[in-house]
Every structure is written in C-alpha cells, then in structure tokens.
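**Student:** structure for the following, please:
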Amino acid sequence: MAERKGCDVSKWQSEVDWKRLKESGQVSFVILRAGLGRFSSQEDDRFRANYAGCRAVDLPVGVYWYSYANDRTAAREEARACLAVIGDKQLEYPVWFDQEYNAATKNMTVKQRTDVVKSFCDELENAGYYTGLYCSRNWLTSYVDSTKLKAYDIWVAAYNKTPGNVPLPYGMWQYSSTGTLPGIGTNVDLDIAYKNYPSIIRRAGLNNLR
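**Tutor:** Numbering: from 1, shown residues only. Below you'll find the model as predicted:
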C-alpha cells in the first residue's frame, strides 16, 4: 500500500485548527494521546476535544497511552484506565502503549519492561482493540526483549533519514519531533504508516469498528 502521512498530538499542541489541518492535505491520520498512568482521571486534557475535532473533519484517529508502569499489575491498571478513557470511541488506528525512559522504568530489568508491554497489550487485545508498542529504536534494541514482542505491532521513533536497523517489523515510523503543520501552532511529531490500518481494523471488527 502507499505510505500514509500523519501526526500525533497531545495537550502540548494546545488547540488545533482541525479544519485547516485537514484541508492542507499534509496528513491523512492523527494519533491522539488519550492519557497516562494508572487512573482514568489522568486523561489528556485535550483528548475529547481533539477526538471531536478529528471526527468533525473526517480525519481517522488512533490513540496512545503514556506509561509509568513498573510491573505487570501496574500495566494492567494502566490498560483499564486507557479503556475507561477511550470508552466506545471508534478508532481507525491502533491503541499504542507508549513506553519510554522515565523514573518508573529506569530501574526495571529488560524482562520486567517486556512483561509490562505484554500485560498492557494483552489487556487491550482481550477487550477487542488492535494494539502495539510505541518506543524509540534504541528502546526496542536495548531496553526490552524484542524477541518476546513479535506478536504486537510496532510504532518506532527514529529521527533520521530512515528508521535504520529496527529489530522487529514496524507498521508506523515517527520520523520527526519538530515538524510543523498548518493549524498546529507548535512543533509536532510526524509519522508514516505503512499498513492500511483502517481496513485491517475494520475487517477484524476491532476498535469499535463494526
């Protein structure tokens, strides 16, 4: 399939002019931060407005959930918080588990980080969602056991001319964190999707697309 260009946004992009962004033709999908951590009260401040804005201009969406989980129990709690926030919203793109270097994860072992990813993703899959891991190429190479994550989709961040040597097949690439787009007044992450996620997800009856 042809590559599809998109972006990912959170409250840090403040209010987006979705009509202007859509009419620019520069993106064909958006990944929204739904929230972070273990509690649904940690919903991203702009998530509902961003979702409604994308729906109003017919921009397909997915979401990501930023993790602080340091064990499997916490990962499952984060998954349940994510599910509570996204509710019955229809998502044409995956629900991504965002695992990065932070205070909660720095002292974990490779196995523990890997188990956290699996626990979150399994919880989302059991609830009927297409899910996967968002992380940097270095994280995937050095901080988790990629051989244990072959069952999940990958959205890899690598800010170079190419993604480089990624240890697992990936469906999306975040290639910049300093992009500019019409309708967004701050720098924004830019992405490329290599899979026809809307077709895959709809055909499987996932993400409330039935």
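**Student:** where in this protein is pLDDT low?
**Tutor:** Scanning the chain for pLDDT under 70 picks out 1.
**Student:** show me where it has its helices.
**Tutor:** According to DSSP state H, the chain carries its helices in the segments 18-24, 47-56, 72-86, 110-126, 137-142, 197-204.
**Student:** put the alpha carbons of the third one into PDB.
**Tutor:** It refers to helix 72-86. Output in PDB follows, covering the C-alpha atoms of helix 72-86 (Å, rounded to 0.1, in the frame of the first residue of the first chain):
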ATOM      1  CA  ARG A  72       2.600  -6.200  35.300                       C
ATOM      2  CA  THR A  73      -0.100  -5.200  37.900                       C
ATOM      3  CA  ALA A  74       0.500  -1.500  37.100                       C
ATOM      4  CA  ALA A  75       0.400  -2.200  33.400                       C
ATOM      5  CA  ARG A  76      -3.000  -3.800  33.700                       C
ATOM      6  CA  GLU A  77      -4.200  -0.900  35.700                       C
ATOM      7  CA  GLU A  78      -3.000   1.500  33.000                       C
ATOM      8  CA  ALA A  79      -4.700  -0.600  30.400                       C
ATOM      9  CA  ARG A  80      -8.000  -0.400  32.300                       C
ATOM     10  CA  ALA A  81      -7.600   3.400  32.700                       C
ATOM     11  CA  CYS A  82      -7.000   3.600  29.000                       C
ATOM     12  CA  LEU A  83     -10.100   1.600  28.200                       C
ATOM     13  CA  ALA A  84     -12.200   3.800  30.500                       C
ATOM     14  CA  VAL A  85     -11.000   6.900  28.800                       C
ATOM     15  CA  ILE A  86     -11.500   5.700  25.200                       C
END
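**Student:** is it possible to get CSV of the helices of the chain that adds mean neighbour count and distance to residue 11?
**Tutor:** (Each C-beta comes from the backbone N, C-alpha and C, glycine too.) Below are the helices of the chain laid out as CSV (neighbours: other CB atoms under 10 Å; distance: least, CB to CB, whole Å):
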stretch, mean neighbour count, distance to residue 11
helix 18-24, 16, 15
helix 47-56, 18, 8
helix 72-86, 20, 13
helix 110-126, 20, 21
helix 137-142, 17, 23
helix 197-204, 16, 24
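**Student:** to residue 2, which of the ones you listed lies closest?
**Tutor:** Closest of the helices of the chain to residue 2 is helix 197-204, at 12.5 Å (criterion: CB to CB).
**Student:** start to end distance for stretch 202-210?
**Tutor:** Distance across stretch 202-210, first residue to last, is 7 Å (CA to CA, to the nearest Å).
**Student:** ok, stretch 176-189 next?
**Tutor:** One end of stretch 176-189 sits 5 Å from the other (CA to CA).
**Student:** one more: stretch 195-210?
**Tutor:** 19 Å.
**Student:** show residues contacting it.
**Tutor:** Stretch 195-210 has contacts (CB atoms under 8 Å, 6 or more residues apart in numbering) with 1, 4, 29, 60, 62, 88-95, 128-130, 153, 171-172.
**Student:** filter those to the buried ones?
**Tutor:** By neighbour count, with 16 or more other CB atoms under 10 Å, the contacts of stretch 195-210 hold 4, 29, 60, 62, 89, 91-95, 129-130, 153, 171-172 as buried.
**Student:** just the ones of those in strands?
**Tutor:** 4, 29, 62, 95, 153, 172 (DSSP state E).
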